[in-house]
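Novice: Here is a sequence with its predicted model. Questions after.
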Amino acid sequence: MAYDREEVLKYHIGGKVAVALPKPLKTKDDLCLAYTPGVAHAVKAIAENKDAAWDVTAKRNLVAVVSDGTAILGLGDLGAAASVPVMEGKAVLFKAFADVDAWPVPLAHCRKDGKDTGPTDPQRVIDAVMALAPQYGGVNLEDIAAPACFEIEDKLDKALDIPVFHDDQWGTAVISLSGVMNYAKLAGKELKDLKIVMNGAGAAGIRICEMCKAAGVVDVTMCDSKGTIRKDRTDLNPYKARHAVDTTAKTLKEAIAGADVFIGVSAANVLSGEDVAKMGEFPAIFAMANPDPEIAPDEVAKALKGRKYVMVTGRSDYPNQINNVLGFPYLFRGALDVRATTINTEMKVAAANALAMLAREPVPEDVKALYPDETLEFGTGYIIPKPFDRRLKDIVPAAVAEAARRTGVARLSS
């Protein structure tokens, strides 16, 4: 569905987020408790024990949504100021879906040589986030271009004692893994027996590969703009080299022959009907490039007529949408609930598994009513829960919190 520019801008007038006061401020006593002189007691409590901030400030439920604006949606490098509407939108989704308070934190002048355009200077972003971290219970990195985003997340995650999560890397990966899990269920296969071919080796592609392998997938062939990521290539960065394979296939079109699953986070129209027809007997096509997928669903339907298959996109106007809102609000909700120090791989796999299991359950009538043109029953047309399924808030955070406790990164045991 297309939206008129003026209609959208009118919606955004005044912004999409604001401060709400959870405590009354109506009397003289209220004022003294909220500010001077009473606030001094809260200040001293934190000075004596920094962990008191979890109890006497908003930290326990507050996430910073941080961006330098180098990779905004599909629009590219438009700068920190232009990132704010997206970061506000992210904050809205945090609150609406998981009751997590979040606030946009655009970072200007975090590029090379302190400029406000051009490639990210990872250390400037790291220093800025380290400086603002005491206020927050978690950091959601957003729209920061690869490869800088890898270094930024890795270093911040090690340096801080709160979760640091780059949604462009891990959000799509978690939801995609849940879809792969349910495809395997429908195909009657174990994850270890799947043959997966991927196109796109940026932030999302690398992390999808890692998530699939963490869950038990063994056979993954990745492709970038120069072809398959092979061990004999000498032009691979360390993140790609980690996943290089021995293969005689040089191109995506060669690699996809016989594959069970195609996962695309790349560009429109890189696959043809002839390509998907060469896949396994019961294929799954995760064509997630936005706004136009790697191959149109109509073309897949034509090429695979008479065959059973699964079609997944990143678009809301087709079934089986990979939508990050199924992930990041609930990952942070679960992490904050147990005051986790990180969001580790086990927590991400737990979230994916919880999503997959929920999709196998009968769908409530109120959710079905929101999607009258779809049949919401577990099967090829429904392998991923819908964003407005309110059971997500109970099921996914609980799985994440349990994984945090099990792996020793939770401050709270219950």
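Specialist: Thanks, I have the structure now. All of these numbers come straight from a predicted model, not from anything done at the bench. Residues are numbered from 1 along each chain as shown.

Novice: Could you use CA atoms for every contact and neighbour count after this?
Specialist: Fine.

Novice: Wait, Pro147 touches Ala203, no?
Specialist: Yes: the pair Pro147 / Ala203 is scored as a contact, 7.2 Å apart, by CA atoms under 8 Å.

Novice: measure Leu358 to Gly179 for me?
Specialist: According to CA to CA, to the nearest Å, Leu358 stands 11 Å off from Gly179.

Novice: do the same with Gly327
Specialist: 13 Å.

Novice: quick one: which of these two has more around it?
Specialist: Gly179 (28 against 25; other CA atoms under 10 Å).

Novice: residues in contact with the host helix or strand of Ala204?
Specialist: Following DSSP states H and E, the helix or strand that holds Ala204 is helix 203-215. Applying CA atoms under 8 Å, 6 or more residues apart in numbering, the contact partners of helix 203-215 are 145-147, 149-150, 168-170, 172-174, 176-177, 191, 198-199, 220, 239-240, 264-265, 345, 349.

Novice: Keep only those of these that are in strands.
Specialist: If you go by DSSP state E, the contacts of helix 203-215 have Met198, Asn199, Val220, Gly264 in strands.

Novice: What residues of the helix holding Ala204 count as buried?
Specialist: Residues Ala203, Ala204, Gly205, Ile206, Arg207, Ile208, Cys209, Glu210, Met211, Cys212, Lys213, Ala215 are the ones in helix 203-215 that count as buried (16 or more other CA atoms under 10 Å).

Novice: Break down the stretch 301-414 of the chain into its strands, ranges please.
Specialist: 310-313 (DSSP state E, counting those that start in this stretch).

Novice: Specify the beta-bridge partners of Ile263.
Specialist: Met198, Phe286 (DSSP bridges).

Novice: I'd say it and Val180 touch.
Specialist: No: under the criterion of CA under 8 Å, Ile263 makes no contact with Val180, lying 9.5 Å away.

Novice: any low-confidence regions in this protein?
Specialist: Applying pLDDT under 70 to the chain flags residues 1-2.

Novice: center of it, which residue is that?
Specialist: The centroid of the chain falls nearest to Gly171 when counting by CA atoms, centre = their mean (1.3 Å).

Novice: longest helix anywhere in this protein?
Specialist: helix 167-187 (DSSP state H).

Novice: any idea of the angle that helix forms with helix 203-215?
Specialist: 50 degrees (axes from the mean of the first three to the mean of the last three CA atoms, to 10 degrees).

Novice: What is helix 167-187 packed up against?
Specialist: Contact partners of helix 167-187 among helices and strands, from 3 or more CA pairs under 8 Å, 6 or more residues apart in numbering; DSSP states H and E: strand 138-141, helix 203-215, helix 345-359.
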